[in-house]
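[1] Need coordinates for the below:
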Amino acid sequence: MLETQRRVASSSMRVHFIAIGGSAMHNIALAVQAAGHEVTGSDDQIFEPSRSRLRNAGLLPAKDGWQPQLLDATIDVVVLGMHARLDNPELEKAQSLGLNIQSYPEFLRSCNAHAQRVVIGGSHGKTTITSMLLHNMRQCNIETNFMVGAQLDGFDRMVEIDPSHSWCVLEGDEYLSSPIDRRPKFFWYGAHYTLLTGIAWDHINVFPTEEHYILQFDQYLRTLETGATVVWCEEDEKLRDVIGRCEREDLTFIGYRTPACHPDEAGAMRVTFEDGSQLTTRLVGTHNIQNLAGARALAATMGIAVSDFDRGIASFQGAARRLETVHEAPGFTVFRDFAHAPSKVRATVNGVKASYPERTVTAVLELHTFSSLNQDFLPTYAHALDGADEAIVFYDPSVLEHKRMPALDPAFVREAFGNPPGLQVITDAAELHGTVQALPPQNRTLLLMSSGWFANADWKWN
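    Numbers count the residues shown, from 1 in each chain. Below you'll find the model as predicted:
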C-alpha cells in the first residue's frame, strides 16, 4: 500500500481493474485515468451507464470476458472488484505473477493516505449524507477527494483522486472488500472523522445473524485513527449500545437527533434545530431531515461554520435514486428510491407519508437483493409497508434463478410483510407495468423502491 501511495503522488502507474464495469469500479477507473495514470480493465458483462462512460473515456474493453493476457509484470496495481470469483483467470494470473492485488477500498486508502479522511457509515442514509457533505464542501470551495454511491449534480463522476487535495470523503460500506479480502470495506479507511447513521441487519449472505452484523460496527470503531471524532445518531438503539461499550478513550463522540420539521404550503420542509436556527429544504421525509442533521453536525466538527452549511445546503437537490423526483405534476408526484433493506423501506414510506399526509401514498417495492429474496430474512420486512395507503411487492422469478436461490411463494411473501390490507404481490413484469401505469394520477404520491430496475420497466406519465 505504501508503494501505491508513493506512485500515486509522484509518477504514472499502470492500474488494471478486474470487473471494471461495476458502479464503483468504473468510476474509480475514470478517476485514476483523470489523475494521469494508465488504466486497463475487463469484465464479463458491462451494463449502462458504465458501458457508455467507459467507452467515452477510451477505457471500454475491446470485448466482454476475462483477458489474462492483459496482465504482465509491468502492472503496478491490480484492483479486484467484488463481482470477480476466486477462480477468475485474471486473478489467478495476477497471483502467479506476484502482482500487487488490492480491493478497491484498500486502493482508495492508499491514494488518500495523506488526507484527512471522513467516512460516512451505517446501514442506511450513507449516500445521502455523503452527497450532502460533498455538495456543501463544494459550495464552500473546499476541494476534496471522494467516493460516493450515486451520481451527483455538478460532479463528473462518483470518485475523485487528486494528491493535492487535503480532504477525502468516503461512503463507508460494511459489505465485503473483495473475493480474497473478506473484511468490510470501511475497515480499510482509517477515518479521522466518521458518522454512523444507525444499525439494521442486512447482507444475510455474509452476516448470517444480527449479532454478527452488529459486531462489524464494534470492530469498525477500533479501525479509526487516534483521536478520531465519531458523529452518531442517538435515536438508534443498536448504535447506542455499540457506542456505549466502546473502550477507546481517545475518541470524541458527538450525537445528533432528528430536528423538528413540518411541510409548508409549497411542499418544502421547514426545519428547526435545537439552537433555534431554521432552514427550508426540498428534501422529503423525516429520515432525510435526520440525515440533514447528521451532515450538519459532521460538517461542524470538520470546521465548516453552521451558517455556511445552512446556506449551502439550501440548493441541495438530492442524489440519484435517493428519493429522486422522476415525475411531478399538480397533485401527482413520483419518487424513485434505492431503499431495499427493511429499516430503510420503513423509514422511506413513513417519511413520504408524513410529507404528503393528504394524498394517497402508493409504495412499490422490488425484492432484488440476496437478503430481500432470502426466505429466512424476509420476515424482517414485517409491517415495513404499513405506512403506505397502498402497497405492491414485486419480484422477478428469473432473478431468483440467476442467484441460484429457491423459488418464493407469493403467499409467503405477503405473510412476511404482515399481511397489510390490500397488499399486492406481483411476479410478472408485464403485470407490474400495467398495474402501476393504471394508477390514477390524482392526489397521489407514488414511491418506487428498489436497488434494481423493476425488470427494466418503462413507465411514462404525462
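
[2] all helices of this structure, in order?
    2-10, 23-34, 50-56, 89-97, 104-111, 126-139, 210-222, 237-244, 286-301, 306-313, 342-355, 397-402, 410-416, 429-437 (DSSP state H).

[3] what's the closest of those helices to residue 449?
    When the helices of the chain are compared by Cβ to Cβ, helix 342-355 sits nearest residue 449, at 6.1 Å. All C-beta atoms are positioned from the backbone trio N, CA, C, and that covers glycine.

[4] Kindly reformat the helices of the chain as a markdown table containing distance to residue 378.
    Below are those laid out as a markdown table (distance: least, Cβ to Cβ, whole Å):
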| stretch | distance to residue 378 |
| --- | --- |
| helix 2-10 | 42 |
| helix 23-34 | 25 |
| helix 50-56 | 30 |
| helix 89-97 | 33 |
| helix 104-111 | 30 |
| helix 126-139 | 23 |
| helix 210-222 | 15 |
| helix 237-244 | 20 |
| helix 286-301 | 22 |
| helix 306-313 | 37 |
| helix 342-355 | 9 |
| helix 397-402 | 12 |
| helix 410-416 | 4 |
| helix 429-437 | 19 |
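
[5] okay, those in JSON lines with mean pLDDT next?
    Formatted as JSON lines, the helices of the chain follow (pLDDT from 0 to 100):
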{"stretch": "helix 2-10", "mean pLDDT": "55"}
{"stretch": "helix 23-34", "mean pLDDT": "96"}
{"stretch": "helix 50-56", "mean pLDDT": "96"}
{"stretch": "helix 89-97", "mean pLDDT": "98"}
{"stretch": "helix 104-111", "mean pLDDT": "97"}
{"stretch": "helix 126-139", "mean pLDDT": "94"}
{"stretch": "helix 210-222", "mean pLDDT": "97"}
{"stretch": "helix 237-244", "mean pLDDT": "97"}
{"stretch": "helix 286-301", "mean pLDDT": "94"}
{"stretch": "helix 306-313", "mean pLDDT": "92"}
{"stretch": "helix 342-355", "mean pLDDT": "88"}
{"stretch": "helix 397-402", "mean pLDDT": "90"}
{"stretch": "helix 410-416", "mean pLDDT": "95"}
{"stretch": "helix 429-437", "mean pLDDT": "94"}
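
[6] Now mean neighbour count too, for those helices, in TSV please.
    Below are those laid out as TSV (neighbours: other Cβ atoms under 10 Å):
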stretch	mean neighbour count
helix 2-10	15
helix 23-34	22
helix 50-56	17
helix 89-97	17
helix 104-111	24
helix 126-139	25
helix 210-222	16
helix 237-244	16
helix 286-301	24
helix 306-313	17
helix 342-355	23
helix 397-402	12
helix 410-416	15
helix 429-437	15
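
[7] So, low pLDDT: which residues of the stretch 301-450 of the chain?
    For the stretch 301-450 of the chain, applying pLDDT under 70 flags the ranges 319-321.

[8] Of all the helices of the chain, which one comes closest to residue 193?
    Closest among these, using Cβ to Cβ: helix 286-301, at 5.9 Å.

[9] on that earlier part again, closest one to residue 280 among the helices of the chain?
    Of all the helices of the chain, helix 306-313 sits nearest to residue 280, with 10.0 Å by Cβ to Cβ.

[10] packing partners for the closest one?
    helix 126-139, strand 278-281, helix 286-301 (3 or more Cβ pairs under 8 Å, 6 or more residues apart in numbering; DSSP states H and E).

[11] Which residues does it contact?
    With Cβ atoms under 8 Å, 6 or more residues apart in numbering as the test, helix 306-313 has contacts from 132, 135-136, 139-140, 275, 277, 279, 281, 292, 295-296, 299-300.

[12] go with 10 Å
    Contact with helix 306-313 is made by 132-133, 135-140, 142, 271, 273, 275, 277-281, 283, 292, 295-300, 302, 304-305, as judged by Cβ atoms under 10 Å, 6 or more residues apart in numbering.

[13] what's the angle from it to helix 126-139?
    Angle, helix 306-313 to helix 126-139, by axes from the mean of the first three to the mean of the last three Cα atoms, to 10 degrees: 110 degrees.

[14] Tabulate the CA atom coordinates of helix 306-313 in CSV.
    Provided in CSV are the C-alpha atoms of helix 306-313 (Å, rounded to 0.1, in the frame of the first residue of the first chain):
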residue,chain,number,x,y,z
VAL,A,306,-23.2,26.2,10.7
SER,A,307,-24.2,29.3,8.9
ASP,A,308,-22.2,28.3,5.8
PHE,A,309,-23.6,24.8,5.9
ASP,A,310,-27.2,26.1,6.1
ARG,A,311,-26.6,28.5,3.3
GLY,A,312,-25.0,25.9,1.1
ILE,A,313,-27.5,23.0,1.7
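
[15] Distance from the chain centre to that helix, please.
    24 Å (Cα atoms, centre = their mean, to the nearest Å).

[16] report the angle between the axes of it and helix 286-301?
    Using the same axes, to 10 degrees: helix 306-313 against helix 286-301 is 130 degrees.

[17] that older thread, which stretch among the helices and strands packed on helix 306-313 comes nearest residue 407?
    Of these, nearest to residue 407 by Cβ to Cβ is helix 126-139, at 31.8 Å.

[18] Go ahead and measure how far the closest one is from the middle of the chain.
    For helix 126-139 - counting by Cα atoms, centre = their mean - the centre lies 13 Å from the chain centre.

[19] what's it packed up against?
    Where contact means 3 or more Cβ pairs under 10 Å, 6 or more residues apart in numbering; DSSP states H and E, helix 126-139 is packed against strand 116-121, strand 145-147, strand 167-171, strand 193-196, helix 286-301, helix 306-313.

[20] redo that, cut-off 6 Å
    strand 116-121, strand 167-171, helix 286-301, helix 306-313 (3 or more Cβ pairs under 6 Å, 6 or more residues apart in numbering; DSSP states H and E).

[21] Work out the sheet partners of the shortest one and label each with its direction, please.
    Here strand 167-171 has these sheet partners by DSSP bridges: strand 116-121 (parallel), strand 145-147 (parallel).

[22] how about TSV for those strands, with mean neighbour count and distance to residue 73 added?
    Listed next are the strands paired with strand 167-171 as TSV, based on neighbours: other Cβ atoms under 10 Å; distance: least, Cβ to Cβ, whole Å:
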stretch	mean neighbour count	distance to residue 73
strand 116-121	26	32
strand 145-147	26	29
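
[23] Now render those strands as CSV, adding distance to residue 94 and mean pLDDT.
    CSV is the format used below for these (distance: least, Cβ to Cβ, whole Å; pLDDT from 0 to 100):
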stretch, distance to residue 94, mean pLDDT
strand 116-121, 27, 98
strand 145-147, 23, 97
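
[24] out of the ones you listed, nearest to residue 384?
    strand 116-121 (22.2 Å).

[25] That closest one vs helix 210-222, what angle?
    170 degrees.

[26] Just want the angle from strand 116-121 to helix 104-111.
    Relative orientation of strand 116-121 and helix 104-111, computed by the same axes, to 10 degrees: 160 degrees.
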